[in-house]
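Novice: sequence and predicted structure below; questions after.
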Amino acid sequence: AQSVTQLDSQVPVFEEAPVELRCNYSSSVSVYLFWYVQYPNQGLQLLLKYLSGSTLVKGINGFEAEFNKSQTSFHLRKPSVHISDTAEYFCAVTEPGGGNKLTFGTGTQLKVEL
Amino acid sequence: DGGITQSPKYLFRKEGQNVTLSCEQNLNHDAMYWYRQDPGQGLRLIYYSQIVNDFQKGDIAEGYSVSREKKESFPLTVTSAQKNPTAFYLCASSARRGTRGLEKLFFGSGTQLSVL
C-alpha cells in the first residue's frame, strides 16, 4: 500500500519569497503523484500531477513540482509567492490501476505574510 | 456552470441520529467519492462509486452508508454507529477513466458536520 508524508504542517513565508513544500511517498510499485490546494472553507483544486515523462511538472498559479524517484519525493515549489497563495496544500498518490483512489498526505498550511 | 454541489454547508447531529449529506454533480461524471477531512489528518476515503448502482468501501467506511441510484447523485448517510462524526466532508467526482486510467478529481465545497 502507498503512503504520503508531508513533514511540514505549517510553512510561513513572506510575500515575493520562494517557497518549497515537501512531500515524500512510499510505494512498492510505480506511482502517480498530485498536488491539490484547498482555500478556506472550500473543496480541493488540482494544482499539478505527475503521471510519467518529464520529472519537472508545471501547474497552475506558477507552481511546479519535481518527481525524484531515488529520493521518493515530489516537492512543490514557487519562486515568488503572493498573499493569495495562502491555503492548505495536499500531496496525494495513487498506483497505476488504482483509478482515482488517492491517498492524501496530512496537508501543509502555507501562510504568506506581508 | 458545471460543478458539484454539496448541501447543507453546516449540519448538526443529535446523539443517536442518522443524518444524510447531499452531493449532486452536473458534470456527467461516472465516478463519485466521499472523503472525510479532520484537522491534521488530511483526507480519508469513505466510499466511492465508479458507476450507477455500484459502490465500494474506502478506508474508513464503518458507520457510514451510501447509495448511487442516479448518475448525478451520491448521498452519504452518517449513521448513529459512527461515534466520532464531527468532521468536514468532501464529495468529489471524476470522468470515466481515460486511456491513462486516471482522471482529475473535482471537489465540492464541503459540509461541516458537528455533534450537538
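Specialist: Arrived safely.
Novice: wouldn't residue B:58 be in contact with residue B:46 here?
Specialist: Yes: counting by CB atoms under 8 Å, residue B:46 is a contact partner of residue B:58 at 5.0 Å. C-beta coordinates here come from the backbone N, C-alpha and C atoms, glycine included.
Novice: and residue B:38, how close does it get to residue A:106?
Specialist: Separation of residue B:38 from residue A:106 (CB to CB, to the nearest Å): 10 Å.
Novice: and if you look at residue A:87?
Specialist: From residue A:87 to residue A:106 the distance is 15 Å (CB to CB).
Novice: residue B:38 and residue A:106 - which one has more neighbours?
Specialist: A side-by-side neighbour count of residue B:38 and residue A:106, using other CB atoms under 10 Å in any protein chain shown, places residue A:106 first with 19 against 13.
Novice: okay, and that one sits in which element?
Specialist: Assigned by DSSP states H and E, residue A:106 falls within no helix or strand.
Novice: with adjacent residues omitted, what lies nearest to it?
Specialist: residue B:42 (4.3 Å; CB to CB, 6 or more residues apart in numbering or on different chains).
Novice: identify the residues contacting that neighbour.
Specialist: By CB atoms under 8 Å, 6 or more residues apart in numbering or on different chains, the residues touching residue B:42 are A:6, A:90, A:104, A:105, A:106, A:107.
Novice: residues contacting the fifth one?
Specialist: Shown in contact with residue A:106 (CB under 8 Å, 6+ apart): A:6, A:9, B:40, B:41, B:42.
Novice: helix/strand/coil for residue 17?
Specialist: Since no chain was named, I'll use chain A. Under DSSP: H, G, I helix; E, B strand; the rest coil, residue A:17 falls in the coil class.
Novice: try again with chain B
Specialist: Secondary structure, three-state DSSP: residue B:17 is coil.
Novice: contacting residues for it?
Specialist: Neighbouring residues of residue B:17 by CB under 8 Å, 6+ apart: residue B:80.
Novice: bridging residues for residue B:93?
Specialist: Applying DSSP bridges to residue B:93 gives these bridge partners: residue B:32, residue B:106.
Novice: roughly how far does residue B:95 sit from chain A?
Specialist: Distance, residue B:95 to chain A, using CB to the nearest CB, to the nearest Å: 10 Å.
Novice: give me the neighbour count for that residue.
Specialist: So residue B:95, with other CB under 10 Å, has 15 neighbours.
Novice: any idea how many residues pack against the nearest residue to it once chain neighbours are set aside?
Specialist: Distances taken as CB to CB, 6+ apart put residue B:103 closest to residue B:95, at 4.5 Å, once the chain neighbours are dropped. When neighbours are counted by other CB under 10 Å, residue B:103 registers 17.
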